[in-house]
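Asks: What would the 3D arrangement of this be:
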Amino acid sequence: MTKACWAEWLELARFAPSGHNTQPWLLDPVSDEEADLYYVPRRLLPVEDTTGRFSACFLGVFVEALNIAAAADGKHVALAHEPAPIDLSPGSEPRLYGRLHAGEGATTSIDRALLRRRRTSRLGYDGRPAPQAALDELAALASGFGHEARFFADPETVDWVVGLNADTLFYDLEEDDRRTEIGAWTHYSNRLASRAHDGFSPRCLGFPGPLLWLFFDHHGLIGGRRRRRILRRIYLRSMRGTVHVGYLKAVWQTPEQCFDSGRLLMRLWLELTRHGLVMQPFGSVITNERSHGTLVEKLGGGEAEDEIWLLFRLGYSATPPASERLAREDLVR
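Replies: Residues are numbered from 1 along each chain as shown. Here you go, the predicted structure:
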């Protein structure tokens, strides 16, 4: 194996998902078997992710993507030590997260071609239910990581969750710091998104750029109950055809637990892709304290040590547009 292997694996792993498509990682191959993993402070989300738990989660997503890419070469990629806390303080220089080691023997049989095929679908779904066998596989995968996966298909619960997600959009807009942070990663034209190679584009969000501009830069113009009802209906229309919603729940406190949750998320999302299913996380419901409390009261059965850390809808849709991605050379330190 040579350093060229890291480049090959990174070419696939760069398609891993991250919060708001920030892609906060950098890789520095230091030998054939080792590479240092860094994170970029300006690509973190300190307002919504106040504890750094989601940042650790998405670094776990990225490392697992590298691991899946390496498996076809008979290798496995893992941190050489326990995950460390994330430093959310402002800064201009990348921060070392840890050293990765590429060892002998694959730890997964997931087809690495799925890394390119996986998408977040914010399109309308076609109303077909997912096969129970697929849902059972996903639940078993989560259980193997010490997480509970629960799925709901009754229309009342599905509509309630979808509605809560829509309401949370307006809750977040009411908070200046949240609106600013989300808006910083929302591009108002597809051309701007393609130049930045990150964040949200109108094409992927399914909303015209001028409407996004109103939401984030001139949110005062969309005030009033009548206007918000209209905008809420427009947003809910994009959720048409949703049959399933679900969540992941686990003890989710230490850096190691959060990092491992990312490894699970990457595998779970690729298993969905293998079954031809798509997913859209409802991350704002989790990070917004008001909505999270409402969710737990309705569906969570209370949270003691474990908590709901991922909420999503899943189903079948047309092939969604691909999000922009940083080039491989932009992810090497």
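Asks: And stretch 28-36, end to end?
Replies: Counting by Cα to Cα, to the nearest Å, you get 5 Å between the two ends of stretch 28-36.
Asks: What residues of it count as buried?
Replies: By 16 or more other Cβ atoms under 10 Å, the buried positions in stretch 28-36 come out as Asp28, Pro29, Glu33, Ala35, Asp36. Every C-beta, even on glycine, is put in place using the N, C-alpha and C of the backbone.
Asks: Give me the average confidence score over that stretch.
Replies: Throughout stretch 28-36, pLDDT has a mean value of 95.
Asks: likewise stretch 84-104?
Replies: 96.
Asks: Break this structure down into its structural domains.
Replies: Domains of the chain are assigned by automatic domain parsing as 3-117, 132-315.
Asks: what's the closest of those to Ala327?
Replies: Closest to Ala327 of these, according to Cβ to Cβ: domain 132-315, at 6.8 Å.
Asks: any idea how far that closest one is from the chain center?
Replies: Relative to the centre of its chain, domain 132-315 is centred 9 Å away, using Cα atoms, centre = their mean, to the nearest Å.
Asks: With distance to Gly124 added, can I get the domains of the chain in CSV?
Replies: Listed next are the domains of the chain as CSV, based on distance: least, Cβ to Cβ, whole Å:
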stretch, distance to Gly124
domain 3-117, 20
domain 132-315, 4
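Asks: quick one: which of the ones you listed is nearest Arg333?
Replies: Going by Cβ to Cβ, the one of those nearest Arg333 is domain 3-117, 4.1 Å.
Asks: now do the same end-to-end measure for the closest one.
Replies: 25 Å.
Asks: Cys5: which element?
Replies: Here Cys5 sits within helix 3-13, counting by DSSP states H and E.
Asks: for Trp309, same thing?
Replies: Going by DSSP H and E, Trp309 is in strand 306-315.
Asks: repeat for Gln280
Replies: Counting by DSSP H and E, the element that carries Gln280 is strand 278-281.
Asks: which residues are in contact with that strand?
Replies: The contact list for strand 278-281, computed with Cβ atoms under 8 Å, 6 or more residues apart in numbering, reads 119-122, 125, 269, 272, 310-317, 320.
Asks: just for the protein, where's the confidence low?
Replies: 1-2, 300-303 (pLDDT under 70).
Asks: Can you show me the strands along the stretch 151-300 of the chain?
Replies: All strands of the stretch 151-300 of the chain, identified by DSSP state E, counting those that start in this stretch, fall at 244-251, 278-281.
Asks: Good, we can wrap up now.
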